[in-house]
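Q: Dropping the sequence and predicted coords here.
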Amino acid sequence: MGEPSATEPESERESEPALRGVEGAEDSVIHTRALTKRYRGGQLAVDGLDLTVPAGSVFGFLGPNGSGKTTTIRMLMGLIEPTSGAARVLGRPMPRSSRAVLPQVGALIEGPALYGFLSGRQNLVRYDAADPTADPRTRSTRVAAALDRVGLAAAAGKKAKAYSLGMKQRLGLASALLQPRKLLVLDEPTNGLDPQGMREIRSLIRELASDGTTVFLSSHLLDEIEQVCTHAAVMAQGRLITQGPVADLAAGTRGRLVVTTPDTAEAARVLKEQGASDVVIADDRVSAEPPDRDLADLNAALVTAGVRVRGFGVERASLEDAFVALTGEGFDVAG
Ligand SMILES: Nc1ncnc2c1ncn2[C@@H]1O[C@H](COP(=O)(O)OP(=O)(O)OP(=O)(O)O)[C@@H](O)[C@H]1O
């Protein structure tokens, strides 16, 4: 006795003043308030994080290597204690409610631990057998369903050491799907995969999300977040830069101005004169960061200077443009 019970005692809510009355705290799957982690060596890895992950979203947790993503995920999963602040997962405080929360969460953190000498199927059976909440009577059915779900049914009898990296990653995902989950937490799920493997995992994530499961995935790849996620949060140096629906994040930023013309050198000169920056010529296109003024004036200036304008427009801003605009830094994709 004395163990935390599966039903949340009312006192848990009352003792969490940091999250009471906070907008979004009730219907969000993950909610943190001033979540902070300082490692023993003094490194401030996560600094006052306020994160809200809406139910049903595919939420991208984006940031360059070392920005604090894994540290945050480890706090959310109750693997490490925050230095200060609070976190709720599925409405319950972590790490205190780990025993009630974690069975409802499928997690793939820092790559799957696989036994190479066992087949894919045997690996899942072994993994499931180590889970005290898993029903052994339904084990083989659940293992078969999970293998099928990730497209490994045909390769289920093969030894895991013969799997490609993409297949290993899919097997890891299958292990997170052995039981019905309300939330999937995936730390860099496509890390180390070739483009084909990445495509497979991404389409699998979309599929998993389509039945309403909330998916929280970290990535240092901007285009991955844009392709897969409905919502995102952007981290840099342990701090939250922005969060919200992916479409809104990019929409708040102006995209690059692109002029198509045979007179590229003259067009570049005029654009600079008009206050545009970062002017780049490539073939018959001149692109630039537009100045903060009416673009019709720029077009008029080009025409007045005799530049033959074939095309004039602003490209849709990407999440990368938003990141650069928000931080004033490039996004170090290579990490
Ligand atoms: N156990 C630890 N002890 C001390 N410092 C740590 C520890 N783990 C991470 N750090 C430091 O905390 C910072 C954040 O690391 P974290 O792994 O959370 O970032 P990340 O965004 O997940 O990056 P990556 O994608 O490289 O894992 C880094 O500066 C890292 O060096």
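A: That came through fine.

Q: tell me the domain ranges of this structure?
A: 10-251, 257-315 (automatic domain parsing).

Q: Any idea how far the last one is from the middle of the chain?
A: When distances are taken as Cα atoms, centre = their mean, to the nearest Å, domain 257-315 is centred 35 Å away from the chain's centroid.

Q: Low-confidence regions, the protein specifically.
A: 1-26, 111-112, 251-254, 316-318, 327-335 (pLDDT under 70).

Q: so where do the helices sit in it?
A: Remark: helices assigned in the chain by DSSP state H are 10-14, 69-76, 98-101, 120-129, 139-149, 165-176, 195-210, 222-228, 246-251, 264-273, 295-304, 319-327.

Q: Reformat the ones you listed as TSV; add distance to Gly313.
A: For every residue, glycine as well, the C-beta is placed using N, CA and C. Below are these laid out as TSV (distance: least, Cβ to Cβ, whole Å):
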stretch	distance to Gly313
helix 10-14	52
helix 69-76	35
helix 98-101	48
helix 120-129	49
helix 139-149	43
helix 165-176	38
helix 195-210	29
helix 222-228	20
helix 246-251	16
helix 264-273	14
helix 295-304	9
helix 319-327	15
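
Q: The ligand contacts on the protein?
A: 39, 41, 43, 45, 63, 65-71, 220 (Cβ under 6 Å from any ligand atom).

Q: Tell me which two in those are the farthest apart.
A: The largest distance within the residues of the chain next to the ligand, taken as Cβ to Cβ, falls between Gly41 and His220 and amounts to 22.7 Å.

Q: picking up where we left off before, quick one: which of the residues of the chain next to the ligand is nearest Ala160?
A: The closest of the residues of the chain next to the ligand, once distances to Ala160 are taken by Cβ to Cβ, is Thr70, at 23.9 Å.

Q: nearest residue to the closest one other than its sequence neighbours?
A: Once flanking residues are discounted, Thr70 sits nearest to Asp187: 5.9 Å by Cβ to Cβ, 6 or more residues apart in numbering.

Q: before we move on, what about Gln169?
A: In space, Gln169 is closest to Ile201, 5.9 Å off (Cβ to Cβ, 6+ apart).

Q: now Val280
A: Val280's closest residue in space is Ser287 (Cβ to Cβ, 6+ apart), at 5.2 Å.

Q: I am assuming that neighbour contacts Val258, so please confirm or correct that.
A: Yes: using Cβ atoms under 8 Å, Ser287 is in contact with Val258, at 4.8 Å.

Q: intersection of neighbour lists for these two?
A: Common neighbours of Ser287 and Val258, using Cβ atoms under 8 Å, 6 or more residues apart in numbering, are Glu315.

Q: Who has more neighbours out of the two?
A: Neighbour count, other Cβ atoms under 10 Å: between Ser287 and Val258, Ser287 has more, with 21 against 17.

Q: List the contacts of the more buried one.
A: Per Cβ under 8 Å, 6+ apart, neighbours of Ser287: 256-259, 279-280, 315.

Q: Show the buried residues in the residues you listed.
A: 256-259, 279 (16 or more other Cβ atoms under 10 Å).

Q: Give the buried residues for stretch 148-156.
A: Buried residues in stretch 148-156, defined by neighbour count with 16+ other Cβ under 10 Å: 149-150, 152, 155-156.

Q: Which pair in these has the greatest spatial separation?
A: Arg149 and Ala155, at 13.5 Å, using Cβ to Cβ across the buried residues of stretch 148-156.

Q: so which of the domains of the chain gets nearest Leu326?
A: Per Cβ to Cβ, nearest to Leu326 of the domains of the chain: domain 10-251, 5.0 Å.

Q: Please, where are all the strands along the stretch 1-150 of the chain?
A: 28-38, 44-49, 52-54, 58-62, 84-89, 92-94, 105-108 (DSSP state E, counting those that start in this stretch).

Q: would a markdown table of those strands with mean neighbour count be doable?
A: As requested, these are exported to a markdown table (neighbours: other Cβ atoms under 10 Å):
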| stretch | mean neighbour count |
| --- | --- |
| strand 28-38 | 22 |
| strand 44-49 | 20 |
| strand 52-54 | 21 |
| strand 58-62 | 28 |
| strand 84-89 | 22 |
| strand 92-94 | 21 |
| strand 105-108 | 22 |
